[in-house]
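Chemist: No sequence on hand, only this structure:
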């Protein structure tokens, strides 16, 4: 039975910079009791399409040019704002990407939960609260009596997303639209939330639209998959068909971009370049001491790529920054090529920084917005007197060639680039001083899947070419498995398990590692 | 090779790029033109003014604008145009010098406090707080009593008061910026703290600083008028726009032109400054421009 039938939907954007067609004549149906996944990269129009159905797009700049969207016999696109308001939150509910910003920090969970119920159903506060508690239990929050009067900041990210789901379900909607609901979450939490959405959908027999950029995330739960690219639906069909016999080249590209291979390690004579001994990095928050890194020791051999894996709060980024001496450490020793980095004076440290560099997670924050590509890449070269003012331009152009940036972009500023191109600039900056060691802190997690694959390949190529040693910090096991020779699993600031990628993935020893591996989305379908 | 298009537009620094963008903003160029005109005429006043600044014609008294006295004369029969030109010398000098003093001290102080943070920040900002709490007038009177009345001292005194707000704005900006990853990237490249402040932090904080600067210049000019009115600043027969306005205000019912023309001079400057300031802010914000 068709719950929602969208025909020829076209949404245009008219801005000062021109006219764009964000959603181009797309048609799809959502069936009752099914999960329909809409997959696409940023800018593909997947969110715009869904937001336009509920009248959630600001008009202007957006304008719905054509189409119908029939939901229970009514065309959503022709309804007035007040009619839509009756449908939103009652018949069609939404879950958003970021549970941190979608809850009002000044209202208790209970008050926020009962708000939509009291607005749409006009029930008493007591019965609304009772209903809210039932739902909290259903979404897996223990002891709702105690937690219902808590404020959002008292919950973790995963718990907040559960609250968001409870809030969306409280009016028994017939259609649930989930916009990247797990993107901001850790991999184990992501697995839990995915399971929760799938379970609730079955139990209530409702329709779900699941928007995601990541095909792997929806692999296990979607019944139907719609693939969007640049405003067009390029392929749609049931989930099995997409994964086994994708016909459109873009879908094939998306599938190929999911890293699923395990890097086979070729061991040379191990010669440790980086040695970390009993590293402790504590943060003093005034009232408590947070042991971000608690007595960690490991070596990284020359030419090796070591993956550092853990959930948020495991201390993985802190280790990377501690090694590079970007954070003050509490105790322990870190040496680069036998030289103890913790004992260097400011001047020697400055000289040594040339030999170790960092690639950051967010290419939007890691580049100075007021510096052009030329300025950004020339800075390290001039600082360490690798080039002179006269020769630096050639060196910058060579760097740009190496990281795959067109030379014509040399005067452009970061905001003029896409995420992937920005990350290329950041990689170029890190490589400018010809370092031996690089810490890459989640370098691809802010990027679209196909771009991720390109950047990973670039890093592997350059790693080989420069003979780089790398510490690759990531929460994404599939990515680490693809790139790392050896993997270190962290939990709460301590090392849980270490091993080559092959052994760790095939024969994990520790329970925590096993649970991490079990959370990799889409592993069942993609393994076959 | 791509070599050609690089030499075609050699500008690589932020400022060169900003100038290229500013040139496309007509309103800002107009503002800049007006300011340059005022500054040049202020510099050349002794040679181009129609009368000497203390030349009186007591027979005339206050006369409205005429062919001889384009903007009329004041109650002592002095040419108003000449008065405004000489007054502009003082007002513009106070405005620019005192603001420059405030800018240099405030930006440096705020950037250092914000970047280093911790105890240094606490001590530096408490000093700012204490100076804030000090009654401004007593501070100026004290300076005048100790060092005697002196124009340069007046500039410094006003600058020394105005930098406090500048420091606070800058500190707030730097505190937000220094947590960004590009600052961490700069540290890991081995840049020194001063270079990081100069190259990475200050350029990114320029927007609010420029806006505040364009607001500071007119407020400094009015402050000077206030001080002069109390007898702490400029003394007749020397004059400034602020003084002319305050005298004009006293007699505005009988001789309105004595208020209108000095007022026009000040507001024109103010408009020009705002146009230029907005233009500069946009030109320096690389994200705003479409080129």
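Modeler: Yep, that arrived. Given the structure is predicted, the values throughout are model-derived calculations rather than measurements. Numbering: from 1, shown residues only, chains lettered A, B, ... in the order given.
Chemist: what's the spacing between the residue nearest the centre of chain B and residue B:145?
Modeler: In chain B, the residue lying closest to the centroid (C-alpha atoms, centre = their mean) is residue B:217, at 2.9 Å. Distance, residue B:217 to residue B:145, by C-beta to C-beta, to the nearest Å: 28 Å. To be clear about C-beta, it is placed using only N, CA and C from the backbone, and glycine gets the same treatment.
Chemist: rewinding a little: phi, psi for the residue nearest to the centre of chain B please.
Modeler: phi -60, psi -50 (degrees, to the nearest 10).
Chemist: go on, residue A:86?
Modeler: Backbone phi and psi, for residue A:86 under degrees, to the nearest 10, turn out to be phi -70, psi -30.
Chemist: Now it: closest residue in space, sequence neighbours ignored.
Modeler: residue A:120 (7.5 Å; C-beta to C-beta, 6 or more residues apart in numbering or on different chains).
Chemist: Please verify my assumption that that neighbour contacts residue A:89.
Modeler: Yes - in this structure residue A:120 lies within contact range of residue A:89 using C-beta atoms under 8 Å: 6.3 Å.
Chemist: tell me, what's touching the two both at once?
Modeler: residue A:171 (C-beta atoms under 8 Å, 6 or more residues apart in numbering or on different chains).
Chemist: Residue A:330 reaches residue A:278, doesn't it?
Modeler: No - Residue A:330 lies out of contact with residue A:278 (C-beta under 8 Å); the separation is 10.2 Å.
Chemist: which one of these two has more residues nearby?
Modeler: The neighbour comparison of residue A:330 against residue A:278 (other C-beta atoms under 10 Å in any protein chain shown) goes to residue A:330, with 17 against 11.
Chemist: Next one: that one, what pLDDT does it get?
Modeler: Residue A:330 carries a pLDDT value of 89.
Chemist: For it, list the residues it contacts.
Modeler: A:280-282.
Chemist: Counting neighbours, which bits of stretch A:66-79 end up buried?
Modeler: A:67, A:69-71, A:76-77, A:79 (16 or more other C-beta atoms under 10 Å in any protein chain shown).
Chemist: Restricted to strands, list these.
Modeler: A:67, A:69-71 (DSSP state E).
Chemist: what's the closest of those residues to chain B?
Modeler: residue A:67 (31.4 Å; C-beta to the nearest C-beta).
Chemist: Provide a list of residues in contact with that closest one.
Modeler: Contacts of residue A:67 (C-beta under 8 Å, 6+ apart): A:6-10, A:25, A:77.
Chemist: so which of those comes closest to chain B?
Modeler: For the contacts of residue A:67, the nearest to chain B is residue A:10 (26.4 Å; C-beta to the nearest C-beta).
Chemist: so which helix or strand takes in the nearest residue to that closest one once chain neighbours are set aside?
Modeler: Once flanking residues are discounted, residue A:10 sits nearest to residue A:65: 4.2 Å by C-beta to C-beta, 6+ apart. Assigned by DSSP states H and E, residue A:65 belongs to strand A:62-71.
Chemist: pLDDT averaged over that strand - what is it?
Modeler: 83.
Chemist: Is the residue nearest to the centre of chain B in contact with residue B:95, as I believe?
Modeler: Yes - between residue B:217 and residue B:95 there is a contact at 4.4 Å, judged by C-beta under 8 Å.
Chemist: which residues in chain B form helices?
Modeler: Assigned by DSSP state H, chain B shows helices spanning B:3-8, B:14-22, B:26-48, B:80-93, B:99-116, B:118-133, B:136-147, B:151-178, B:181-189, B:193-195, B:202-229, B:241-250, B:257-284.
Chemist: closest one to residue A:109 among those helices?
Modeler: Within the helices of chain B, the stretch nearest residue A:109 is helix B:151-178; the backing value is 29.8 Å (C-beta to C-beta).
Chemist: Distance from the closest one to the middle of the chain?
Modeler: With C-alpha atoms, centre = their mean, to the nearest Å as the basis, helix B:151-178 stands 12 Å off its chain's centre.
Chemist: buried ones in it?
Modeler: Neighbour-count burial for helix B:151-178 [16+ other C-beta under 10 Å]: B:154-171, B:173-174, B:177-178.
Chemist: Keep only those of those that are also close to chain A.
Modeler: Among those, proximity to chain A is found for none (C-beta under 8 Å from any C-beta of the partner chain).
Chemist: For whatever residue of the stretch 151-300 of chain A ends up closest to chain B, give its distance to residue A:296.
Modeler: Nearest residue of the stretch 151-300 of chain A to chain B, counting by C-beta to the nearest C-beta: residue A:284, 11.9 Å away. The span separating residue A:284 from residue A:296 equals 19 Å under the rule C-beta to C-beta.
Chemist: Can you pick out the residue with more neighbours from those two?
Modeler: Counted by other C-beta under 10 Å, residue A:284 and residue A:296 do not tie: residue A:296 has more neighbours, with 22 against 9.
Chemist: Could I get the buried residue list for the helix or strand hosting residue A:380?
Modeler: Residue A:380 is part of helix A:373-383, with elements assigned from DSSP H and E. Going by neighbour count (16+ other C-beta under 10 Å), the buried part of helix A:373-383 is A:373-381, A:383.
Chemist: What of stretch B:197-214?
Modeler: Those would be B:197, B:199-207, B:209-214, for stretch B:197-214 by 16+ other C-beta under 10 Å.
Chemist: picking up where we left off before, just the closest of the buried residues of helix A:373-383 to residue B:61, please.
Modeler: residue A:375 (63.3 Å).
Chemist: Around chain B, which positions in chain A sit nearby?
Modeler: A:17, A:321, A:324, A:326, A:349-351, A:353-354, A:356-358, A:360-362, A:365-372, A:374-375, A:379-380, A:383-384, A:393, A:397, A:407-408, A:410-411, A:413, A:415, A:426, A:429, A:433.
Chemist: Just the buried ones from those residues, in PyMOL syntax?
Modeler: Selection of buried members from the residues of chain A next to chain B for PyMOL, criterion 16+ other C-beta under 10 Å:
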select buried, chain A and resi 321+324+326+350+353+354+356+357+358+360+361+362+365+366+367+368+369+370+371+372+374+375+379+380+383+384+393+397+407+410+411+413+426+429+433
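Chemist: residues contacting residue A:151?
Modeler: Contacts of residue A:151 (C-beta under 8 Å, 6+ apart): A:105-109.
Chemist: Now do the same for it: its pLDDT.
Modeler: On the pLDDT scale, residue A:151 gets 83.
Chemist: SS state for residue A:29?
Modeler: Following DSSP: H, G, I helix; E, B strand; the rest coil, the label given to residue A:29 is strand.
Chemist: repeat for residue A:112
Modeler: Judged by three-state DSSP, the three-state class of residue A:112 is helix.
Chemist: Neighbours of it, how many?
Modeler: The burial count for residue A:112: 20, using other C-beta under 10 Å.
Chemist: who touches it in this structure?
Modeler: By C-beta under 8 Å, 6+ apart, the residues touching residue A:112 are A:103-104, A:163, A:167.
Chemist: which among these end up buried?
Modeler: Looks like the contacts of residue A:112 have A:103, A:163, A:167 buried, using 16+ other C-beta under 10 Å.
Chemist: could I get the residues you listed as JSON lines with pLDDT and secondary structure?
Modeler: Shown next, in JSON lines, are those (pLDDT from 0 to 100; DSSP: H, G, I helix; E, B strand; the rest coil):
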{"residue": "A:103", "pLDDT": "79", "secondary structure": "coil"}
{"residue": "A:163", "pLDDT": "84", "secondary structure": "helix"}
{"residue": "A:167", "pLDDT": "83", "secondary structure": "helix"}
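Chemist: Now distance to residue A:141 too, for those, in TSV please.
Modeler: Shown next, in TSV, are those (distance: C-beta to C-beta, whole Å):
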residue	distance to residue A:141
A:103	13
A:163	7
A:167	12
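Chemist: Looking at the residues you listed, which one is closest to residue B:118?
Modeler: residue A:103 (32.9 Å).
Chemist: pretty sure that closest one contacts residue A:160?
Modeler: Yes - if you go by C-beta under 8 Å, residue A:103 and residue A:160 touch, sitting 6.0 Å apart.
Chemist: anything in contact with each of those two?
Modeler: residue A:152.
Chemist: Thanks again, I'm all set now.
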